[in-house]
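1. can you look at this prediction? I've put the sequence above it.
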Amino acid sequence: PSNASAMTLTVSNVACVRGGRTVLSGVSFDVTAGQALILKGPNGVGKTTLLRTLAGLQDPVAGTIEFAEDTAAYASHADGVKTQLSVEENLSFWAQVYDQTVEDWVYDAFDLTDLRHRLAGTLSAGQKRRLGLARLGVIGRDVLFLDEPTVSLDGFSVKLFADFLQNRHLANGGIAVIATHIDLKLDAPELDLSGFIPPADDIQTSDEAFL
Amino acid sequence: PSNASAMTLTVSNVACVRGGRTVLSGVSFDVTAGQALILKGPNGVGKTTLLRTLAGLQDPVAGTIEFAEDTAAYASHADGVKTQLSVEENLSFWAQVYDQTVEDWVYDAFDLTDLRHRLAGTLSAGQKRRLGLARLGVIGRDVLFLDEPTVSLDGFSVKLFADFLQNRHLANGGIAVIATHIDLKLDAPELDLSGFIPPADDIQTSDEAFL
Amino acid sequence: MSIWEYANPKKFMETTEPVVSWFMGAALLSTAVGLIWGFFFTPHAINFGATVKIFYLHVPSALMAINAWGMMVVASIIWLVRRHHVSALAAKAAAPVGMVMTLIGLITGAIWGQPTWGTWWEWEPRLTSFLILFLFYIGYMALWAAIEDNDTAADLTSVLCLVGSVFAFMSRYAVNFWNNGLHQGASLSLDAEENVADVFWFPALISMGGFILLFLALVLMRTNTEIRLRRAHALELRRTARA
Amino acid sequence: MIALLLRDLRLAVRAGGGFGLGLAFFLIVIMLVPFGVGPEADILTPIAPGILWVAALLASLLSLDRIFALDFEDGSLALLATAPLPLEGVAMIKALAHWLTTGLPLTIAAPFLGILLHLDPSSFWLLFVSLLIGTPALSVIGMFGAALTVGLRRGGLLLSLLVLPMYVPTLIFGTELVRRGAEGMAYETPLVMLAGITAGAFALIPFAAAGALRINLK
Amino acid sequence: MIALLLRDLRLAVRAGGGFGLGLAFFLIVIMLVPFGVGPEADILTPIAPGILWVAALLASLLSLDRIFALDFEDGSLALLATAPLPLEGVAMIKALAHWLTTGLPLTIAAPFLGILLHLDPSSFWLLFVSLLIGTPALSVIGMFGAALTVGLRRGGLLLSLLVLPMYVPTLIFGTELVRRGAEGMAYETPLVMLAGITAGAFALIPFAAAGALRINLK
Ligand code: HEM
Ligand SMILES: Nc1ncnc2c1ncn2[C@@H]1O[C@H](COP(=O)(O)OP(=O)(O)OP(=O)(O)O)[C@@H](O)[C@H]1O
Ligand SMILES: Nc1ncnc2c1ncn2[C@@H]1O[C@H](COP(=O)(O)OP(=O)(O)OP(=O)(O)O)[C@@H](O)[C@H]1O
Ligand SMILES: [Mg+2]
Ligand SMILES: [Mg+2]
């Protein structure tokens, strides 16, 4: 990451809607350069929704989200891997989209060196996941929004990923907001979203206008 | 499960092929009624391949697999949930396919009671996963082959699922073979597949005939 | 106070609900008058014979078919620009009505064509462009039906409605270019002489007015129904949310 | 079995992919032809039966790839294969569901749409019969093609490439039936042949299809 | 941008969904028609240009739903939307890729396939030109339809229902161009109109499409 040093991610009492219903409200936190934030919370609490909102895929119904223009990237359950392309082709495509080049350390960092020329469709679940994550290493974005990045990774690969975050991304002044159910062993604060479920008696719905 | 008591699953030195390459060989174990077996091993070692072989989706290139006819069910990364159908419709469809009916305890056991009439497409990752697992509760099969069943489940749901296995399935003399990277806290033996990777010098390929 | 106040669903319902029945009454009355007058108290046209009667159904419906789409375009723009749910729902409500009008236009036309042109269907520009309009209606409604989330559906259908109209116009021109037909020209020019004599014209005007009122009444009714549905949906959401 | 049929029909309706749309596509293809070849009745009448049949064929073709693709992607197919249902039965049901949502409505609508092509009124009836007997064959054959291509992500075009040649006999006998009828010639032969194709297809293809599915699931 | 174009082309080829198949489908439709309407030259010649155009239209239609659907399912679309590329550009590129893999090969092949339909040799050239100018419009318009329906799992048929009526003007002017040419009439008007449609579509539709995509990604 480039001019990361300067910046922080500031979220002030954001509310977000899913399926016409406000699932979270009053979410506030800020993450400074070089820091990570772990989002916790039971299934269905709204982690994915919040991350999509932060990433700008959907608009918050209230509150503000601030960070430097065009510095963010989003990675979700579906990691946009093309089964018909080789590992290398997948990575270099995303690199090009972000005007970057694929540096070799990425293959080592995500243990893809042997799989480099394999078609992505022939990877095992975890190997494919590693490829999806390796994408984050080549696009050179400072602010990462990660939705359950370690799904179906074995212990070793989880470690690899944690190292990447700690020693590469954060060390270079990057920022990461991560929703996960397992412990990544990062020294990062945790935020339990259960605290932001709007009280039942004033749940907003997108159809308020009709009430 | 019905006449479960009698039976065991016997696997004797099975070898299985993936992508034209033998990934595992000499796999042997047996699991008796009421027991579970946990498959461990790094990403790409061959857990999915083995489970697919056990489930009969692909044939072993060597060895034998024995268990009572038509008592097995397979659950994989893709859990066959129809996004256009409601939770209830999804379950009752699978129940019908297996000539069963959906008993109410299933909804509680997998914490789906509130979501019963939701379209599956509107579920969060973990909720959807729970639905996929609930399927196992309605088809009444004795031998379950489960590939990373707890992906994207929160701690509580993992517990729910473990309870289902322990107190419902196994308690009724069922059998389960489970590939997973996290600890399910079942009192079941573990089998690390790394031990069955064929030595590099005699890797079989499906094109042996040409050598 | 601006007219946008009425864009609030509640207010809209309160204001329109009472008048709807009056609209409907007036609509039925004038339609009936127009049709009866047209059917029983006009001489037979020289060249058409008794078949000309169907003209009193045919033309007004044809007219409304087009205007309905026009109204949908306006409503869609309002929705996209000002995000008033009511206008989106009004567009949704208008579609089936317009579709039926188009259908009536086509069917009566077909019935009309049988004696006059000796065939049920002729690939005549105006009929053809109406057939295309019919397809746009179906596509529009199908899109509404296919999307679960209400606002998403409203957005997408609005976009479709706007882009679609452009192509509808182009097809109208293209079709004329493709086959210059035997259908007679527009009969709505103020000096009706050039097309149809007054005797035919007055009842036609009345039934046209009737159809316009009918259209308005139907759209209002359906809009209110849609609003009620959304209300129910909102309440349901709130209930499940509470649970 | 019935559960599967019902589910598929329900999905077809839910997903807005059901009856209406197959029809609509049919209607639109019928409409495009006059735009292409010109509106004159004397051009249209002779080609009407042929065009109607080709259109019906394409309309049913367009929805083929969905017969198995969706179930394959979300894993249902693998689960069905390991379920107690015979895979042959599954294949058969799938074809049936496809026909109910596509072939049947087409058949019913065809005579009316015939009007648009100035189809000679005397052949309305025969057209209806020919489609009623012929379209099931289209669904079954198509289902086989779908089974062959289910593994491939972009199978759509490959599918049609495989299936269309297999459609040729059905198409030929179907249109012959109508044309001969229109010309007052004896049309027993094509009628019998058409029925034969359909019967044969239903009897044999499900097995081939089930085989193809098993291979694709490997 | 170029990266995206190259990727799409590569995928088209890899997945066997590319050049070959669009062509093959075109070829087969062309072949089916004589089976349907009968082989006589005096029937085929007049309808040849129209049929060729309709076939080209259907061939490009058949591959539309894949323009965005695959990228949507595997999440690429969401990632692209959050990438520095303008979504309008993405939409444009997608249409371009579709044309390169479908419209272009069709255009080149059409005159040869015309022989099968006894197309009047004098109109080969005009047919080629009309397709060359017209098919890009088909791809862009189709891309818009694909953007509208990308959210829906079984969008395929709905897509064609939405798109086909929008194809009508292009089709009409395209065939008029050829027919008038064949009859030695002046064909400037349709030529200009056709070019106009294509230009206009390329200029405006990407914005509408990008809007639709953003809505669908919500
Ligand atoms: C000799 C027979 C017919 C006569 C005299 C006739 C007359 C008319 C007239 C006066 C209009 C109103 C024009 C306007 O609103 O601008 C009209 C519109 C229309 N007619 Fe006919 N019509 C005839 C046959 C048909 C047939 C056979 C059809 C359809 C099968 C048909 C379909 C339509 C349609 C769709 C319109 C609305 C087009 C438009 O208003 O732009 N007509 N017709
Ligand atoms: N398309 C939808 N329509 C309606 N409700 C939805 C939709 N998608 C999600 N929801 C609901 O919104 C809530 C939040 O979903 P979200 O995916 O953000 O949860 P999550 O925290 O990511 O859960 P998980 O840990 O399982 O991924 C859930 O209760 C879910 O049921
Ligand atoms: N279609 C394929 N073609 C070629 N090789 C494949 C294919 N699918 C999987 N493989 C390889 O076979 C090996 C075993 O794959 P498998 O999916 O069984 O691993 P796994 O133990 O399930 O891994 P994970 O824990 O990541 O799911 C892997 O090395 C993988 O790269
Ligand atoms: Mg989630
Ligand atoms: Mg696996």
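-> Happy to help now that I have it. Ligands and ions are numbered 1, 2, ... in the order given.

2. please name the nearest non-neighbouring residue to the residue of chain D found nearest ligand 3.
-> Residue nearest to ligand 3 within chain D (CB to the nearest ligand atom): residue D:218, separated by 9.8 Å. For glycine as for every other residue, the C-beta is placed from the backbone atoms N, C-alpha and C. In space, and not counting its chain neighbours, residue D:218 is closest to residue B:58: 5.0 Å by CB to CB, 6 or more residues apart in numbering or on different chains.

3. and the one you found, helix, strand or coil?
-> Per DSSP: H, G, I helix; E, B strand; the rest coil, the secondary structure class of residue B:58 is coil.

4. next, count neighbours for it.
-> The number of residues packed near residue B:58 is 17, by other CB atoms under 10 Å in any protein chain shown.

5. report the contact partners of it.
-> The contact partners of residue B:58, by CB atoms under 8 Å, 6 or more residues apart in numbering or on different chains, come to B:16-17, B:49, B:52, D:218.

6. the residue of chain D closest to ligand 3 and chain A, how far apart?
-> Distance, residue D:218 to chain A, by CB to the nearest CB, to the nearest Å: 14 Å.

7. now residue D:42
-> Look at residue D:42 and chain A: by CB to the nearest CB, they are 50 Å apart.

8. so is the helix or strand that residue falls within next to chain C?
-> Under the criterion of DSSP states H and E, residue D:42 resides in helix D:41-62. Yes. Applying CB under 8 Å from any CB of the partner chain, one finds helix D:41-62 in contact with chain C at residue D:41.

9. burial check on whichever residue of chain D sits closest to ligand 5, number of neighbours?
-> Taking CB to the ion as the measure, chain D has residue D:75 as its residue closest to ligand 5, at 12.9 Å. By other CB under 10 Å, the residues close to residue D:75 number 18.

10. now it. Its backbone dihedrals?
-> Main-chain dihedrals, residue D:75, degrees, to the nearest 10: phi 90, psi -10.

11. who's in contact with the closest residue to it other than its chain neighbours?
-> Excluding its sequence neighbours, the residue lying closest to residue D:75 (CB to CB, 6+ apart) is residue B:78, at 2.9 Å. Contacts for residue B:78 (CB under 8 Å, 6+ apart) come out as D:73-75, D:78.

12. just checking, residue B:78 is part of a strand?
-> No. Going by three-state DSSP, the assignment for residue B:78 is coil, not a strand.

13. need the pLDDT of it.
-> Looking at residue B:78, its pLDDT is 80.

14. do the same with residue C:195
-> pLDDT for residue C:195: 53.

15. now swap in residue D:9 and tell me
-> Turning to residue D:9, the model gives it a pLDDT of 84.

16. that one against residue D:99, yeah?
-> No. If you go by CB atoms under 8 Å, residue D:9 and residue D:99 don't touch, sitting 11.2 Å apart.

17. now the phi/psi pair for the residue of chain A at minimum distance from chain E, please.
-> Nearest residue of chain A to chain E: residue A:78, at 2.9 Å (CB to the nearest CB). Here is the backbone geometry of residue A:78 (degrees, to the nearest 10): phi -90, psi 120.

18. quick check: the gap between it and residue A:129.
-> Residue A:78 is 11 Å from residue A:129, where distance means CB to CB, to the nearest Å.

19. do the same with residue C:70
-> 53 Å.

20. same thing with residue A:76?
-> To residue A:129, residue A:76 is 12 Å away according to CB to CB.

21. please apply the same query to residue D:165.
-> To residue A:129, residue D:165 is 42 Å away according to CB to CB.

22. for the contacts of residue B:58, which one is nearest residue A:42?
-> Within these, the smallest distance to residue A:42 is 31.6 Å, found for residue B:52 (CB to CB).

23. what does the pLDDT read for the residue nearest to the closest one when sequence neighbours are not counted?
-> Residue nearest to residue B:52 in three dimensions, not counting chain neighbours: residue B:58, with 5.3 Å by CB to CB, 6+ apart. In this model, residue B:58 is scored at 88, pLDDT.

24. wait, does the helix or strand containing residue D:93 contact chain E?
-> Residue D:93 is part of helix D:87-98, with elements assigned from DSSP H and E. No. Using CB under 8 Å from any CB, helix D:87-98 stays clear of chain E, coming no nearer than 12.3 Å.

25. please identify the buried residues of that helix?
-> For helix D:87-98, a neighbour-count test (16 or more other CB atoms under 10 Å in any protein chain shown) marks D:87-88, D:90-98 as buried.

26. flag the shaky bits of chain A, pLDDT-wise.
-> A:1-6, A:200-206 (pLDDT under 70).

27. helices and strands around the helix or strand harbouring residue C:142, which ones?
-> Here residue C:142, judged by DSSP H and E, is contained in helix C:125-146. Judged by 3 or more CB pairs under 8 Å, 6 or more residues apart in numbering or on different chains; DSSP states H and E, helix C:125-146 is in contact with helix C:55-82, helix C:85-117, helix C:150-178, helix D:19-37, helix E:124-149, helix E:155-182.

28. the fourth one close to chain E?
-> Read it as helix D:19-37. Yes. Contact of helix D:19-37 with chain E (CB under 8 Å from any CB) involves D:21-22, D:24-25, D:28-29, D:32-33, D:35-37.

29. ditto for the first one
-> No. Judged by CB under 8 Å from any CB, helix C:55-82 makes no contact with chain E; its nearest approach is 9.0 Å.

30. and chain A, which residues reach ligand 4?
-> Applying CB under 5 Å from the ion, we find that chain A lies next to ligand 4 at residue A:48.

31. give me the residue at the spatial middle of chain A.
-> residue A:146 (1.5 Å; CA atoms, centre = their mean).

32. higher neighbour count, residue D:9 and residue D:99?
-> Taking neighbours as other CB under 10 Å, residue D:9 and residue D:99 compare with residue D:99 leading, 22 against 16.

33. name all residues that make contact with that one.
-> By CB under 8 Å, 6+ apart, the contact list for residue D:99 reads D:135-136, D:139.
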